[in-house]
Each structure stands twice: as structure tokens, then as C-alpha cells.
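In: just to be clear, the model below is a prediction. Sequence and coordinates:
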Amino acid sequence: MRGVAGGAASPNSVRLWTAGLILLALAAPFLLYPVFLMKALCFALFACAFNLLIGYVGLLSFGHAAFIGSASYVTAHAVKVWGFPPEIGILAGTAVAAVLGAAFGWLAIRRQGIYFAMITLALAQMVYFFALQAPFTHGEDGIQAVPRGLLFGFIDLNDTLTMYYFVLAIFLIGFGIIYRTINSPFGQVIKAIRENEPRAISLGYRTDQYKLLAFILSATLSGLAGSTKALVFQLASLTDVDWPTSGQVVLMTLVGGLGTILGPVVGAFVVETMENYLAQFGSWVTTIEGVIFVICVLTFRRGIVGVVAPYLIGGRATERISPQPSPQAAGLARDKIPTEAAGG
Amino acid sequence: MFSWLHIAIPPAPALFAQLLVGLINGAFYAMLSLGLAVIFGMLNIINFTHGAQYMLGAFCAWFLLNWAGIGYWPALVIAPIVVGAVGIVIERVFLRRIYQLDHVYGLLLTFGLALIIEGIFREQYGSSGQPYTIPPALQGAHNLGFMFLPNYRAWVIVASLSVCLATWFVIERTRLGAYLRAATENPVLVQAFGINVPRMITLTYGAGVGLAALAGVLAAPIYQVSPLMGTNIINIVFAVVVIGGMGSILGAIISGFTLGLIEGMTKVFYPEASSTVIFVIMAFVLLLKPAGFFGRAR
């Protein structure tokens, strides 16, 4: 129903921007360091998947590291130890993330708002401690020297450029799935749940099923990003399952723009670029990320895309997205409207 | 891998030692989840900075000792006041701006603040811990016949229980607590009765933060004073809060101590699971009693 950034853009300008961005992505490895681009694309997909929950269902998960991390472990193990070809390895990792997402989602959607965040965080910590102790993850070392292998048996992924286009293809597939989901009838329902869950229930929607399905989809695509990342870096490590990764994806989405379709992509590139340049400053990166969090929450809740997009695509004022929440927004403030919450 | 199937009955001293460790951990879970519950009740914010403020309390005691030569006992009073004052500044400068927004922004903002504080301390002190010696009056141990009870650990349990019960008393049994509970229910009405609700919110946040700092000072001689001590414990405390529910002060205290004990027991019988047992319990509680044991469904 709405355009790229949620504004009521004309279809032509959206098409123009889409074509331009894809051309840019195709040319990018000749201009920038490909490994950086691949990493940024993996995180961009991760952030898009995360945004599907926070931006469109209004559920803040603080445990998405569990999905990207477990998928990357499974893919790395399957490819390295079991000798799976890369495409099957990625599917295996993604499938595990989907199963994990189903289990976590099933538990977490029982509570809303900040409880949801705490529950997902706690469940993700459980996965972290499992990864820390399980023998196949090799603890602090992680799974190293994961072979990239031959895609479909004949495309050699050890070539950096080939790998880049493979990652780009995966990103575009994942992004396409998210785009289609948001603009489908299903997407309309989850947005309705975000705006006012009791009303969606009163209209006859089984909101729990919609929330669970969105959660599983988000976890699955996060897993896809994690599996791909394991092949890019030929490594699966504890960093990916640890909670700072969960915080980082929140930061990317917040910086780029909650509930905008391109926001997480922009946010991922911004945060990754920043990390690249700030790596030499050690722990200050954490501090700077904290400062950005605070600035975003206090003054910049629309994010980069939320602010910039209306000018670029010539749309009207953007659709109200969760950054300017009403009491009903996201069904998160339900306890403030007891008369309506009682209906739920 | 299946070695855990062969559960042996551990010797009694080991059992009691782990129970003691569990009780100590439980004391800290209780104090921290109590602070979270108090803050949540008034501000409707889940204070992600709580772990960082606990760490600040421990560091404050360490600074007092190493920079000013002020020992443990004065630090027990000074550190909570100093860190609580920092909390009041945070509330006035940052939190006040986001009360009208969705709850998740409170979570994100306090998470950002926690990152800032921990980043600064990690930059200065790395990830390793700084030792903080037990005050002379509490060194040594008592032989209870079945185990050795270090004096300091006994003191921590007594002190945290007293603090928890005192907090409960203030909130549930005094006039000030009545104002607090009333303002939690309906701040507009309480304000209309002539009570300065914004100031009460500020002071509540300061008190909650002070509680975290006090826990930090108590923890300093047991765990080392480390920039990471806050994040390590706060993730578990969140699970404790989900299990207990944030509706009740007494609930926070009971679930904190109980879960600490359960964690200690797990360390005896199935050590591999000791780091995850609280999360597993949380999952089961969500299945059976989604609002938590002491929570009100809302």
C-alpha cells in the first residue's frame, strides 16, 4: 500500500530508486572493500528481519543474537564437519533458527512490551551459555576455517567477487521476502496489531498466531543472515550469540529508522562503517554506541530514513510509524488503557 | 557428554558451601530485582542501567578506598548516596523527556546509558577485576559444625535481608509508601491532592539506583570490582523479574532468594546447567503462569 519509506510515494520514483540502489550494489565491490560490504549486507538483512518485529508488529526483541548466532554455528559445523555443500549448510542453519524462533516466539508472545524484551533477552542468554559449553562450538575459539565450498557444485565461493554476488543475492531474496510480507494482507494485519491489538482481536483476528508467525519469519531471516555470515568470514564465534549483538541490531534499526523498509539497511551500513573506523579506539566504541542510542531516543526517533526519505521520493508526510507513538502504539502501553486492555 | 546422568550425592560440606553461594547470589538478585520493581512501579521504565549502577556502586567503594582512604563502612553509606545522586541527575536530564513515549524507548534509553557507563569503565579498567579486601571486622569464619561460614558472607545475607525488608516496610506500611503506591495507581489524582509527583518520581529513581549501588558495595569484596560485573548479573535478574513478576515487592525478594538457592543446588547436582537453570525455569513459568508468580496480569 505504501512506498519504500512508508511515504505515499509515486510508484515511478520508487522504481527509479530501487533500480539505482541495485545498480549501486552491483558496482559496489569495485569501489569498496568487498568483505566489508558482505558483512554490512549480512547485518543489513539481520536488521531488516529484526525490524519486521519491532517496526511492524511492535515487539522489541532483545534476543535476536540467538538466531543469527545459532544459525552461524550450525552452518559452520555442517559445512566443516559434515561436509555439506554451502547451499545446504545455509538451509540447515536457517532451519535451526526457524525452529528456535518458533520455540522462543511461542514462549515470548505470552507477554508484551518490556516483558517481551526481557524474556527474549533471557532466552538468548540460555543459547549463549549453551554455545559456551557445548563441545561442537569450541568455546572461545569458535568454529574456525570453515570452507566456503562450491555453490551448487560448480560455483567457487572462494573467489571474493563471486562470494559478494552470492551474498548480495541472498540479501535481495531476504529483503524481497520482507517487502512482500509487509505489503501483503498479512502485513496489514500485523500493522493493525501494532496500532491497536485489542481492536484487532475484536475484529476477529487471532493476533497471537500473527505475532508468532511474524516472530518465526524474523528469526528465520536472521538465521539466513547468520548462516551467510559464517561462510563470509569462515568463522562462527561466541560474539554472534552474545547479547551485544542483540543490542547492535537494535541500534542499527533505530539509527536507520524503525518501521521503515530501507532504514535497517542504512542503519547497518552506518553502524558497520562506524565500527570499521572506530575499531582502533577499543572500548570507546561501546561508549559511542551508547551515546548514539541516547541521542536517537531523545531527538531522532524517526531515524535517518524516516527523516530523509520523504524528501527523496517526493512523498507526502510519512506514515506515522512507531517513532511517534500514541498510547495505543504497538500495543505496548496496554496497561495505560485498562478499559481496552480488558478486552484482550 | 552424558556424564551428568551419573549423579552422585555430594559430600555435605560441598552441598552447604554451594547452598551458601546460592544464598549470596540470591541476596544480590533480590536486592537488584527489588530496585527494578520499585523503579518500574513509579516510572514505568525497566531500568536497563541497573547493572551499570550496581557496578558503579562497587567502583565507588573502590575509589573511596584507593583514592581517599575511606574504608568499607563509610562507603556503605556514601556510595549509594553518590550513585543515587547520579541517578537523580540521569532522571532529570534524560528519563524525564520520554515518559510520554512508548515504554520501549525507556528501555532503549537506559540501555544506551548502560553502554556509555560500561564503555568508559572498560576503557579505564579493562575486563579484569580489581580486588577489594574484606573489612577487618568481618574477616575470618565461624565453624558451624557442618560447615565453615565466612563472616563476611553471613553479613551480606543479613544486610541484604534487612535492606529488603526495610524497603518492603517503607513501601507497604508507611505514609510515604502509601503516597508511592497511590501515585503508581493514578499519578494525576495524587498530584491533584497536592503531592509533588514529579519530585517523588525523581526520588524513587534515586532510591532504586541507590539500592543497586548498595548491592554493588556489598558485592565488592566477594566478586571482584569489574566493569563487567553489572551485565553479568543483570541478564539473570531480568529473568528473575519475569519469574516473580514486578507487581509485588515481597515477590521480588522471595523469588530473588529462591532462585539463587535453586541455582546453587543446580551447581551441586548438575553443574553444566547452573548458568541456564534460571532461564529454563523462566520458560516453564511463562508456560504455566505467564504473569509470573507474584505479578498482576495486565
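Out: Noted; the coordinates are in hand.

In: wasn't B:His142 part of a strand?
Out: Yes. Counting by DSSP: H, G, I helix; E, B strand; the rest coil, B:His142 falls inside a strand.

In: run a quick neighbour tally on it.
Out: Residues near B:His142, counting by other Cβ atoms under 10 Å in any protein chain shown, number 11. Placement of C-beta: from N, CA and C, glycine included.

In: what parts of the stretch 151-298 of chain B come near chain A?
Out: For the stretch 151-298 of chain B, the residues found near chain A under the criterion Cβ under 8 Å from any Cβ of the partner chain are B:231, B:235-236, B:238-239, B:241-242, B:272, B:275-276, B:278-280, B:282-283, B:286-287, B:290, B:298.

In: in PyMOL, how would I select the buried members of those?
Out: In PyMOL, this line selects whichever of those come out buried by 16 or more other Cβ atoms under 10 Å in any protein chain shown:
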select buried, chain B and resi 231+235+236+238+239+241+242+272+275+276+278+279+282+283+286+290
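
In: so where's the stretch 51-200 of chain B uncertain?
Out: Scanning the stretch 51-200 of chain B for pLDDT under 70 picks out nothing.

In: tell me where it has strands.
Out: Assigned strands in the stretch 51-200 of chain B, in chain order: B:141-143, B:148-150 (criterion: DSSP state E, counting those that start in this stretch).

In: tell me which residues in the last one are buried?
Out: In other words, strand B:148-150. B:149-150.

In: spit out the contact partners of A:Ser218.
Out: A:49-50, A:52-53, A:61, A:64, A:67, A:101 (Cβ atoms under 8 Å, 6 or more residues apart in numbering or on different chains).

In: check the spacing between B:Tyr132 and chain A real quick.
Out: The gap separating B:Tyr132 from chain A is 22 Å, by Cβ to the nearest Cβ, to the nearest Å.

In: my read: that residue touches B:Ser226, true?
Out: No. Using Cβ atoms under 8 Å, B:Tyr132 is not in contact with B:Ser226, being 10.4 Å away.

In: neighbour count added to the contacts of A:Ser218, as a markdown table?
Out: Shown next, in a markdown table, are the contacts of A:Ser218 (neighbours: other Cβ atoms under 10 Å in any protein chain shown):
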| residue | neighbour count |
| --- | --- |
| A:Ala49 | 30 |
| A:Phe50 | 27 |
| A:Leu52 | 28 |
| A:Leu53 | 26 |
| A:Ser61 | 30 |
| A:His64 | 33 |
| A:Phe67 | 35 |
| A:Gly101 | 28 |
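
In: may I have the helix or strand harbouring A:Ala78 exported as PDB, CA atoms only?
Out: Per DSSP states H and E, A:Ala78 falls inside helix A:65-80. The C-alpha trace of helix A:65-80 is given here as PDB (Å, rounded to 0.1, in the frame of the first residue of the first chain):
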ATOM      1  CA  ALA A  65      21.600 -12.700  18.700                       C
ATOM      2  CA  ALA A  66      20.300 -16.200  19.500                       C
ATOM      3  CA  PHE A  67      19.100 -16.700  15.900                       C
ATOM      4  CA  ILE A  68      22.000 -15.200  14.000                       C
ATOM      5  CA  GLY A  69      24.400 -16.900  16.300                       C
ATOM      6  CA  SER A  70      22.900 -20.400  16.300                       C
ATOM      7  CA  ALA A  71      22.400 -20.400  12.600                       C
ATOM      8  CA  SER A  72      26.000 -19.400  12.000                       C
ATOM      9  CA  TYR A  73      27.200 -22.200  14.300                       C
ATOM     10  CA  VAL A  74      25.000 -24.800  12.600                       C
ATOM     11  CA  THR A  75      26.100 -23.800   9.100                       C
ATOM     12  CA  ALA A  76      29.800 -23.700  10.100                       C
ATOM     13  CA  HIS A  77      29.500 -27.100  11.700                       C
ATOM     14  CA  ALA A  78      27.500 -28.700   8.900                       C
ATOM     15  CA  VAL A  79      29.900 -27.400   6.200                       C
ATOM     16  CA  LYS A  80      33.100 -28.000   8.000                       C
END
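
In: what is that helix packed up against?
Out: Applying 3 or more Cβ pairs under 8 Å, 6 or more residues apart in numbering or on different chains; DSSP states H and E, one finds that helix A:65-80 contacts helix A:86-108, helix A:113-133, helix A:207-233, helix A:238-241, helix A:243-256.

In: need the helix or strand of chain A with the lowest average pLDDT.
Out: helix A:338-341 (a mean of 32; mean pLDDT, DSSP states H and E).

In: who in the stretch 51-200 of chain A is up against chain B?
Out: So the stretch 51-200 of chain A meets chain B at A:54, A:60, A:62, A:107-108, A:110-111, A:113-115, A:117-119, A:121-123, A:125-126, A:129-130, A:132-133, A:135 (Cβ under 8 Å from any Cβ).

In: whichever of these end up buried, select them in PyMOL.
Out: To isolate the buried ones among these in PyMOL, judged by 16+ other Cβ under 10 Å, type:
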select buried, chain A and resi 54+60+62+107+108+111+113+114+115+117+118+119+121+122+123+125+126+129+130
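
In: low-confidence ranges in the stretch 51-200 of chain A?
Out: Those would be none, if you go by pLDDT under 70 across the stretch 51-200 of chain A.

In: coming back round to it: for the helices and strands packed on helix A:65-80, give me TSV that also has distance to A:Ala40.
Out: Below are the helices and strands packed on helix A:65-80 laid out as TSV (distance: least, Cβ to Cβ, whole Å):
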stretch	distance to A:Ala40
helix A:86-108	18
helix A:113-133	23
helix A:207-233	11
helix A:238-241	15
helix A:243-256	10
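
In: before we move on, back to that, and chain A, which of the strands of the stretch 51-200 of chain B is closest to it?
Out: strand B:148-150 (27.6 Å; Cβ to the nearest Cβ).

In: so which elements touch that closest one?
Out: Partner elements for strand B:148-150 (3+ Cβ pairs under 8 Å, 6+ apart): strand B:141-143.

In: the strand it packs on pairs with which strands?
Out: strand B:148-150 (antiparallel) (DSSP bridges).

In: and the contacts of the strand it pairs with?
Out: Residues contacting strand B:148-150 (Cβ under 8 Å, 6+ apart): B:20, B:140-143.

In: now restrict these to buried residues only.
Out: B:Leu20.

In: now for the contacts of strand B:148-150: which two are most distant?
Out: B:Leu20 and B:Gly140 (15.4 Å; Cβ to Cβ).

In: which bits of the stretch 1-150 of chain B sit near chain A?
Out: Close to chain A, as judged by Cβ under 8 Å from any Cβ, the stretch 1-150 of chain B has residues B:1, B:46, B:94, B:97-98, B:101-109, B:111-120, B:122-123.

In: just the buried subset of those residues, written out for ChimeraX, thanks.
Out: Listed next is the ChimeraX selection for buried residues among the residues of the stretch 1-150 of chain B next to chain A, using 16+ other Cβ under 10 Å:
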select /B:46,94,98,101,102,103,104,105,106,107,108,109,111,112,113,114,115,116,117,118,119,120,122,123
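
In: picking that back up, in helices, which of the residues of the stretch 151-298 of chain B next to chain A appear?
Out: Of these, the ones assigned to helices by DSSP state H are B:231, B:235-236, B:238-239, B:241-242, B:278-280, B:282-283, B:286-287.

In: turn the residues you listed into TSV, including pLDDT.
Out: Output for these, formatted as TSV (pLDDT from 0 to 100):
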residue	pLDDT
B:Thr231	87
B:Asn235	87
B:Ile236	89
B:Phe238	88
B:Ala239	87
B:Val241	86
B:Val242	85
B:Ile278	89
B:Phe279	88
B:Val280	88
B:Met282	87
B:Ala283	85
B:Leu286	82
B:Leu287	83
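
In: in CSV, list those along with distance to A:Val307.
Out: What follows is those, written out as CSV (distance: Cβ to Cβ, whole Å):
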residue, distance to A:Val307
B:Thr231, 32
B:Asn235, 33
B:Ile236, 38
B:Phe238, 32
B:Ala239, 37
B:Val241, 35
B:Val242, 35
B:Ile278, 41
B:Phe279, 38
B:Val280, 43
B:Met282, 38
B:Ala283, 40
B:Leu286, 38
B:Leu287, 42
